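1. Need the 3D shape of this:
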Amino acid sequence: MVDRKKFLTSVMYSAGLKSLREADVVTRAVLGVLKREIGVEISKHVEEVLTPDLKKGWQSVEAIGSKDLRESIR
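-> Coordinates of the predicted model:
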């Protein structure tokens with residue numbers, strides 16, 4: 001079972017990032033855009049199939065627009 005730390009570690013190595021913090025920032029930005037694109041209904045379906053730890057992370061990310069994305073990356 002994948003937990004949040006394993007997931008972020010995978011993102012970190014896959015993206016060539018230097019830290020879990022960087023992986024978290026990138027992941028939150030991507031998930032925010034993804035949630036905006038897929039909408040609330042599909043987002044809820046995704047949430048239903050996540051492990052409890054990943055679900056907590058998914059729920060903590062709001063759908064964001066491109067202006068918000070620039071702010072979250074800083």
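
2. Output the longest helix belonging to this protein.
-> helix 20-49 (DSSP state H).

3. next one: that helix to chain centre, how far?
-> 4 Å (C-alpha atoms, centre = their mean, to the nearest Å).

4. any idea which helix or strand comes after it?
-> Following helix 20-49 in sequence order, the next helix or strand is helix 52-59 (DSSP states H and E).

5. Going by neighbour count, which residues of that following helix are buried?
-> 54, 57-58 (16 or more other C-beta atoms under 10 Å). Using the backbone N, CA and C atoms, a C-beta is placed for each residue, glycine as well.

6. Same question for stretch 16-27.
-> 17, 23-24, 26-27.

7. That stretch - what's its average pLDDT?
-> In this model, stretch 16-27 has an average pLDDT of 97.

8. Let me see the residues that make contact with it.
-> By C-beta atoms under 8 Å, 6 or more residues apart in numbering, the residues outside stretch 16-27 that reach it are 5, 7-9, 11-12, 15, 57, 72-73.

9. Are any of those buried, and if so which?
-> Buried, going by 16+ other C-beta under 10 Å: 7-8, 11-12, 57, 72, out of those.

10. residues in contact with Ser14?
-> Contact partners of Ser14, counting by C-beta under 8 Å, 6+ apart, are absent.

11. between whichever helix or strand it is part of and helix 52-59, how big is the angle?
-> Ser14 is part of helix 4-15 when elements are defined by DSSP H and E. For helix 4-15 against helix 52-59, the angle by axes from the mean of the first three to the mean of the last three C-alpha atoms, to 10 degrees is 70 degrees.

12. chain center to helix 4-15, what's the gap?
-> Per C-alpha atoms, centre = their mean, the centroid offset for helix 4-15 relative to its chain is 11 Å.

13. related to what we said a few turns ago, considering the buried residues of helix 52-59, which member attains the minimum pLDDT?
-> Lowest pLDDT among those: Gly57, 92.

14. Spit out the contact partners of that residue.
-> 4, 7, 27, 31.

15. Could you tell me how far the residue nearest to the first one when sequence neighbours are not counted is located from Leu8?
-> When you say that, I think you mean Arg4. Closest residue in space to Arg4, ignoring its immediate chain neighbours: Asp53 at 4.8 Å, by C-beta to C-beta, 6 or more residues apart in numbering. Asp53 is 11 Å from Leu8, where distance means C-beta to C-beta, to the nearest Å.
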